[in-house]
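> My questions are about this predicted structure, shown below with the sequence.
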Protein chains: 4
Amino acid sequence: MKAPDYTPFILPGSGTIGMESITSLLKKGDNVLIISSGVFGDRWKSIFERYPVNYKLLRSAPGEIVNEDAIMEELEKKHYKMVTMTHVETSTGTRFPVKKIAEMIRNKTDIIVVDAVASAAAEELKVQDWGIDVCLTGSQKALASPPGAALLVLSPNAISHLSDNSVSGFYTNLNSWLKVMDNFENNKSGYFTTLPVHLIFSLEKSFELIKKETIEIRVQRHEMVASSIREGISKIGMEIMAKENCRSNTVTAMMLAGINMNDFLTYCIENGIEMATGIIPEFAGKYVRIGHMGWINENDAISTIAVIERALIKFGKPIDLGSGLNATQKYLVKFK
Amino acid sequence: MKAPDYTPFILPGSGTIGMESITSLLKKGDNVLIISSGVFGDRWKSIFERYPVNYKLLRSAPGEIVNEDAIMEELEKKHYKMVTMTHVETSTGTRFPVKKIAEMIRNKTDIIVVDAVASAAAEELKVQDWGIDVCLTGSQKALASPPGAALLVLSPNAISHLSDNSVSGFYTNLNSWLKVMDNFENNKSGYFTTLPVHLIFSLEKSFELIKKETIEIRVQRHEMVASSIREGISKIGMEIMAKENCRSNTVTAMMLAGINMNDFLTYCIENGIEMATGIIPEFAGKYVRIGHMGWINENDAISTIAVIERALIKFGKPIDLGSGLNATQKYLVKFK
Amino acid sequence: MKAPDYTPFILPGSGTIGMESITSLLKKGDNVLIISSGVFGDRWKSIFERYPVNYKLLRSAPGEIVNEDAIMEELEKKHYKMVTMTHVETSTGTRFPVKKIAEMIRNKTDIIVVDAVASAAAEELKVQDWGIDVCLTGSQKALASPPGAALLVLSPNAISHLSDNSVSGFYTNLNSWLKVMDNFENNKSGYFTTLPVHLIFSLEKSFELIKKETIEIRVQRHEMVASSIREGISKIGMEIMAKENCRSNTVTAMMLAGINMNDFLTYCIENGIEMATGIIPEFAGKYVRIGHMGWINENDAISTIAVIERALIKFGKPIDLGSGLNATQKYLVKFK
Amino acid sequence: MKAPDYTPFILPGSGTIGMESITSLLKKGDNVLIISSGVFGDRWKSIFERYPVNYKLLRSAPGEIVNEDAIMEELEKKHYKMVTMTHVETSTGTRFPVKKIAEMIRNKTDIIVVDAVASAAAEELKVQDWGIDVCLTGSQKALASPPGAALLVLSPNAISHLSDNSVSGFYTNLNSWLKVMDNFENNKSGYFTTLPVHLIFSLEKSFELIKKETIEIRVQRHEMVASSIREGISKIGMEIMAKENCRSNTVTAMMLAGINMNDFLTYCIENGIEMATGIIPEFAGKYVRIGHMGWINENDAISTIAVIERALIKFGKPIDLGSGLNATQKYLVKFK
C-alpha cells in the first residue's frame, strides 16, 4: 500500500513521536512554515520551539483553513526548507486541501510534510502522486488498531535529508531507525529500541482488512457516515464548527449552544456514545468532537444522532425530536 | 442468584441437552403435559417421543399462548406427573404467563418444568417464589456468554424424583451429575464428563456483570428495548406475530408482508443487523425473528429500526421513511 | 483430513456425547461387544446399560489390553452388530492395536466403532484404510482446542444404519444431525441445536496448525515426547502401569509406590506441572496420569521429569537425583 | 508500590523514551556522569550526545562493573549535576551495586538516575530508601506486560528540577507530562499525547499479580532461577561473561566458545527456547544472552539447560550430557 520508492517507518509511541521525528530532516537554523487549522497544527509550533530552527505559523480561525494566497505569499517572502500541513485537524474537524496545496508549493520548498494522523485510511490521500515527502499517522485512528505506534513514509528526497547532523534527539532520529527499517524490509532482524510487537500483529490485521475492503470503498464509507451525521446535526439546528467547504470524513465538531460540555458528554457516554471534549482554546468547553473513523458505519451514525437528540431534549433544547434521525435516514437511504 | 435450596447444574451442550436431561425425573409410563406456543414448546414432544413416557401436547396458534382453561381442563382429566412450559417461545416471540399458570397448577401436578432458555436474565422469573421445580436455560442467550453450556436449577422436590431407574440416557442423567455438582458447591473436584472450562469462566463474568447491573434493572432494560423496537415496527405498518398480551422482552417476530425472507435477511446483515429466519411451520419463510437480549441497548433498537426501514424501501414497500425511527425515539426519550 | 466418503459430525458437548450418539446406529435388542482396557472402555457399558440393547464386556487387567483370542472367540459365539474399542485408554495409558484388531474382525461384525478421544491427532489412525465405521474424538485432547465439541466421522456403511427407529434419544440422534451436517458440507445453513460457534473457529485453527505440522510429524513428536518421559520415569525406578507392548503416545500412568496421591499432585501443580488423578478402581489413588498431547514438546518432557524427581525426594523416596533427567535427555539427544 | 512522595509517569514508547525524558531535568551546559557496564549504559552517552550538555563516561570492561574508586575520584574532579547508572546491564548480564553507590554519592551530585529497565520487579530496588531521584523501567521486562510503555518515578527533588528551560524536546518533556500525571493521580482526565490504553490495563494486571506474589518472593524467585541456570552452565564448562560478584537475576550472558551464534540461536528457538544475540561490541557474535525474568520458573531453567546441552552436542562440544541438568536440579531441590 505504500508507494514503491518510499521508506516506511514504525516508531513506538503516539502520533506525536512521528511528528517530532521530522526534526531528523532539519538542521540548525532551518526555516519551517507551519500551516495550521487548530490545536494539532499548532502542535508543530510547540515541537519546533524546542529546537534551534526558525518557524513561521500560519493559522486559520477555528473551523476554517488557511487561505492559499497567504501560503503562497509567505513562500515568496523567503525560502522555507520545510512546509507542514495537517490533513484533518482533529480539534475542529476541518480537512485541508492537501492535494491542491501540495501541487502549488511543490517547487517552492524542499520538504512537504503531511500530518495524516486523523486522515490516513479514511480520506483520499495519494502520497506519491501528490508530491508529499513525509506522511505520518498513528495506529489508533482510521487504521483501527490500538494506540502505541507512529507510522511514517518518507520519499527518497526526504531520505536524502536525513543526517546525523540534524537537530533531532536520539529516539526520534530517523537516521538511526533507517537501517532497522531497511533490514525489516529485507526480512532481516534489526534493533534500535524495542518495538511494540503486539501492535505490529494488530496493524498487519488492520492492513489486511483495509485491503479487503479496498481503500476507495473505505474512503467512500467514511464520507457517507460523516455526511449522514452532519445532515442530522444540521437538521436539528445545531451548528457545525467546520465550514462547508472543509469538512472532514473523520471528525465533526458540534457547537453546544450553551449546554454544559461535561454534562452533555456524560449523558452521551451513559447512552453508549463516547465523544471527545472540545479543545481549541477559542471555544474550549463550548463544543464536542464526534469521531467517526475506523469501522464506523450507518448504524453508528443513526445511533449518534438519536443520542444527540435525546441529550438535547434532556438539557432543555426545544428541538423537533426525530427530525435529525429523519434527515440522517433520508441521506443514508440513497446508498443502498 | 439461585434460591438457596435449589441445586444448580451445568451440562456441556446446548440448551436442548438441558431439556432432555429432564428425562432423569421420569419413569417408564409417566404422564407429561406439554404446554407449547411454538417450535421450542413442540421440541418437548420431539424429546419425549424418544422415551417410553406418555405425553399430551397442548399447542396454541402462532403468536398466541395456550388458554389457561384448556390447561386446567386437561389436568382434571388425568394425573400428570410433569408439566412443561416455555417461558419465551423463540419461534414466535411470545411470553407465557409462567407465574400465573404455575400458581394455578401447583397442586395439580408433581413437577413443574420451565424452559427459560430465551427468558432467564431478561424477564421477571422467580423460580422459588413461583413454585417452579426445574428451570433451565442456555449460556448464550440473555446470560450473554458463548454457547455450549446448559444451566438448570432443581428444587428439593425435583431432586427427590431423581433415580437410576429413570428413562434417561447416560450423559443426560442428572442423577449422575448430582454428586459432581454437590462437590463443586463444596469446593471439591468432581468428574462425570469434561466441562467446557472456558465457558465456566465466561459465565462467572456474566453473572458478575448481571449482579452489578442488578436483575431488576436488567429486566427493565430488556423491556424498554423490546417495546421501543415494537413501537417502530408498528408505526411503519408491519405486523408483529405475537399478540399484544403476550409479547416477550427478548424476541420479536415480524411478518414480512410478502418480501422474500432471505433477501431481507441478507440486506439486514450487510447493514450490520443480524436477524434470524422465521421457523414456525405455519409461517416458515414469511417472517423474521429479531433477538434483543443480552447487552442490547437503545442504540441497537434505533439501528434495527433504521435498517428495517431502509430494507423495506429497497424491497418496494411504500413506507413513510423515518416514521418508525420517530416512534422508537419518542418511546425512548421518556426514559432518560 | 477425512476420508472422502465419510460424513463428519460435530456435536455440542464433551467426548461422551459422541460415544452415546452411537446409539443412533442401534435398534432394540442389538448385540454389542465392548472391548475395554479401563474406565473409558467401561463407559460404553455404562452407556449401553441405559438402553434396550445387549452388551458383552471384555475387559483386560489395568495396564494390559484384551487378548485378541478372547475377542475372536467371543465373535464366534454369536453375532454382534457392533464392536467398540478404545484406541487410547486414558485411565491406564494403554494403546489398543486398532489396526490389527479391526482387520481381524472386519468380516465378523457390522459396525466397528473406535473411541479416539485420547488418540486422534497423536497416534497413527487411518479410519478408512483400517475399515473403521465410526471414529470419534473430542475437541480438547490432541486436537488442542477447548473442550465442548465431540467430533465423529461415519462410513457410508455406518450412515446406512441410521434410522429414526434407533434406540437413541433426541439430542444424540445422528439421524437428525445428518441433514445439518450435509448442509454444512454444502455451504448451506442448518439447525438442530445451537453449536458452540467459538469452538468451530478454534477447531478450524487447530486443523490448520495440524496440517501445517503434518499428521506424520505430529504423531512422531508425540511418540518422542512420550518415550522420553517414560525413559526418565523408568530410570528413577518408578513403575509404569501400561505394559511395554501397549504404551500410548498421549498418557502415561505412573504408580506412586506409596506416596499420597493428592500430596504428590499438589506439589507438582505448585511446581508448574499439572497431572491427573489415577482413577481406575483397582488402583484408585495409587497412581497419577501424565497427559502428553497437543502442543507438548521436549521441554515439557524435561520439566515433567525434573518436577517428578524433586517431588519424590520431597516425599522421601531415595532416588538418584538427576538420573531421570539424564535418561530423558539421552533419549532426546538422538533426535536433533 | 511507589514511595508516597514520588511522582509516577507513564510515557508511550519503549524504555529508551524513559531514558531520554531525563533531559527534562537538564539545562544547557550541565554536567552528567555516566556509569556504564555496557551497551545500555553507553546508550546514555548516545542520548546526551544529541543535547547541549557535557557528559563523562566511565565504562567497565564487559562482564565487570565500574570501580567505586573511579567514580568517587571523578566526582571529586568537578561537580556533576546528574549521575546515571544502569541497575542491570542487559548486554552483559551484570548487576550494578546501586544501593551502595547511591549512598556513597548521594551528597556529591544533585540527581541520581537509575535505569531499572532490566531490574525493576526482579531485583531488590528501594528507590526512596536508597536516595534515588529518578528510576525508570519498561513495561515489557520483569513487569511482564507487552512493550510500549516507559515507566518512571521522580522524587520531589527531581520534580523541582523540571522546567520549560530544559534541553528536552517536546514529547520527552516531563514538565508537560507532569500535569497529566497529577490529574490521573486525582482521578481526573488529562491529555498530552495519546497513551497506549490497552497497556494501562495490562500493567494494572501485572501490578495486581506482583502484589499477590509479593515483591520479596518475586525477587527470590528470580534469584533462584538465575542461579540454577548458572549452576548448569558452569557445570558443563561454559563461561559466563559476568564476574561472580556482579551477576544479575534477569540476564545471563554465556560465551559460545567458538560456536556460530546464529546457528546456536536457531537451534535453541527451534527447540522452544528463545535467546538473544550477544551485542556488546567487544564480543559481538561470540556470546548469547539468556533472559530470565517475568513469570520465569524452575521449569524454564531446566528446559533451558536441557536445550543448551543438546545444542552443544550438536555443534560438536564434548560435554558430559546431563551434567548441567544434574547441577541445575541439585540447586533447585534445595528450595522445595
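Now that the structure is in, tell me what you want to look at.
> which strands and helices sit next to the longest helix seen in chain A?
Using DSSP state H to define each element, chain A has its longest helix at helix A:215-235. Packing contacts for helix A:215-235, counted by 3 or more Cβ pairs under 8 Å, 6 or more residues apart in numbering or on different chains; DSSP states H and E, involve strand A:251-255, helix A:298-314, helix A:323-333. In this view, the C-beta of every residue, glycine as well, is placed from N, C-alpha and C.
> closest to C:Asp42 out of those?
Of all these, helix A:298-314 sits nearest to C:Asp42, with 54.8 Å by Cβ to Cβ.
> Could you list the buried residues of stretch A:182-194?
Neighbour-count burial for stretch A:182-194, counted by 16 or more other Cβ atoms under 10 Å in any protein chain shown, picks out A:Phe184, A:Phe192, A:Thr193, A:Thr194.
> Could you point out which of the residues you listed is nearest to C:Val88?
A:Thr194 (44.3 Å).
> hang on, the earlier thing: for C:Ala70, which of the helices and strands packed on helix A:215-235 is the nearest?
Among these, helix A:298-314 comes nearest to C:Ala70, with 66.6 Å by Cβ to Cβ.
> what's near enough to touch the residue nearest the centre of chain A?
A centroid search over chain A (Cα atoms, centre = their mean) returns A:Ala118, at 2.4 Å, as the residue closest to the centre. By Cβ atoms under 8 Å, 6 or more residues apart in numbering or on different chains, A:Ala118 lies in contact with A:Phe40, A:His87, A:Val88, A:Glu89, A:Thr90, A:Lys141, A:Ala142, A:Ser248, A:Thr250, A:Val251, A:Met293.
> quick one, strands of the stretch 101-250 of chain A?
Along the stretch 101-250 of chain A, counting by DSSP state E, counting those that start in this stretch, strands occupy A:109-115, A:134-138, A:149-154.
> could the ones you listed be laid out in JSON lines, adding distance to B:Pro146, mean neighbour count and mean pLDDT?
Shown next, in JSON lines, are the strands of the stretch 101-250 of chain A (distance: least, Cβ to Cβ, whole Å; neighbours: other Cβ atoms under 10 Å in any protein chain shown; pLDDT from 0 to 100):
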{"stretch": "strand A:109-115", "distance to B:Pro146": "42", "mean neighbour count": "24", "mean pLDDT": "98"}
{"stretch": "strand A:134-138", "distance to B:Pro146": "33", "mean neighbour count": "27", "mean pLDDT": "98"}
{"stretch": "strand A:149-154", "distance to B:Pro146": "31", "mean neighbour count": "26", "mean pLDDT": "98"}
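> Same list, those, but as JSON lines with distance to B:Met238 please.
Putting the strands of the stretch 101-250 of chain A into JSON lines (distance: least, Cβ to Cβ, whole Å) gives the following:
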{"stretch": "strand A:109-115", "distance to B:Met238": "49"}
{"stretch": "strand A:134-138", "distance to B:Met238": "45"}
{"stretch": "strand A:149-154", "distance to B:Met238": "47"}
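> Out of those, which is closest to D:Ser228?
Among the strands of the stretch 101-250 of chain A, strand A:149-154 sits nearest to D:Ser228 (Cβ to Cβ), with 37.3 Å.
> Low-confidence ranges, chain A, go.
Scanning chain A for pLDDT under 70 picks out A:1-3.
> how about the helices in it?
Taking DSSP H as the criterion, chain A carries its helices at A:15-20, A:39-48, A:68-77, A:98-105, A:156-160, A:174-185, A:197-213, A:215-235, A:261-270, A:298-314, A:323-333.
> among those, which is the most enclosed?
Stretch with highest mean neighbour count among the helices of chain A: helix A:15-20 (a mean of 27; mean count of other Cβ atoms under 10 Å in any protein chain shown).
> near chain D, anything from that helix?
Yes: against chain D, helix A:15-20 shows contacts by Cβ under 8 Å from any Cβ of the partner chain at A:Gly15, A:Thr16, A:Ile17, A:Glu20.
> so what does that helix touch, helix or strand wise?
Counting contacts by 3+ Cβ pairs under 8 Å, 6+ apart, helix A:15-20 packs against helix A:39-48, strand A:134-138, strand A:149-154.
> Show residues contacting the second one.
So the one you mean is strand A:134-138. The contact list for strand A:134-138, computed with Cβ under 8 Å, 6+ apart, reads A:14-15, A:18-19, A:21-22, A:25, A:111-117, A:119-121, A:125, A:127, A:143, A:147, A:149-155, A:158, D:194.
> Also stretch A:251-270?
Contacts of stretch A:251-270 (Cβ under 8 Å, 6+ apart): A:63, A:88, A:90-93, A:118, A:226, A:229-230, A:233, A:238-242, A:274-275, A:277-278, A:283, A:285-293, A:307-308, A:311-312, A:314-315, A:317, B:336.
> now the residue in the stretch 1-150 of chain A positioned nearest to chain B, nearest residue through space, not along the chain?
As assessed by Cβ to the nearest Cβ, chain B sits closest to A:Ala144 within the stretch 1-150 of chain A, at 15.7 Å. Excluding the flanking residues, the one nearest A:Ala144 by Cβ to Cβ, 6 or more residues apart in numbering or on different chains is A:Gly294, at 3.8 Å.
> Run through the residues that contact the one you found.
A:Gly294 neighbours (Cβ under 8 Å, 6+ apart): A:Ala122, A:Lys141, A:Ala142, A:Leu143, A:Ala144.
> From these, list the buried ones, please.
Buried members of those, scored by 16+ other Cβ under 10 Å, are A:Ala122, A:Lys141, A:Ala142, A:Leu143, A:Ala144.
> ok, those residues vs chain C, which is closest?
Taking Cβ to the nearest Cβ as the measure, A:Ala144 is the one of these closest to chain C, at 20.7 Å.
> what's the distance between A:Leu75 and A:Thr84?
For A:Leu75, the distance to A:Thr84 (Cβ to Cβ, to the nearest Å) stands at 13 Å.
> what sits in contact with each of those two?
What both A:Leu75 and A:Thr84 touch, as defined by Cβ under 8 Å, 6+ apart, is the set A:Leu33.
> I'd assumed A:Ser234 was in contact with A:Ser323.
No: the pair A:Ser323 and A:Ser234 does not pass the contact test of Cβ atoms under 8 Å, sitting 10.4 Å apart.
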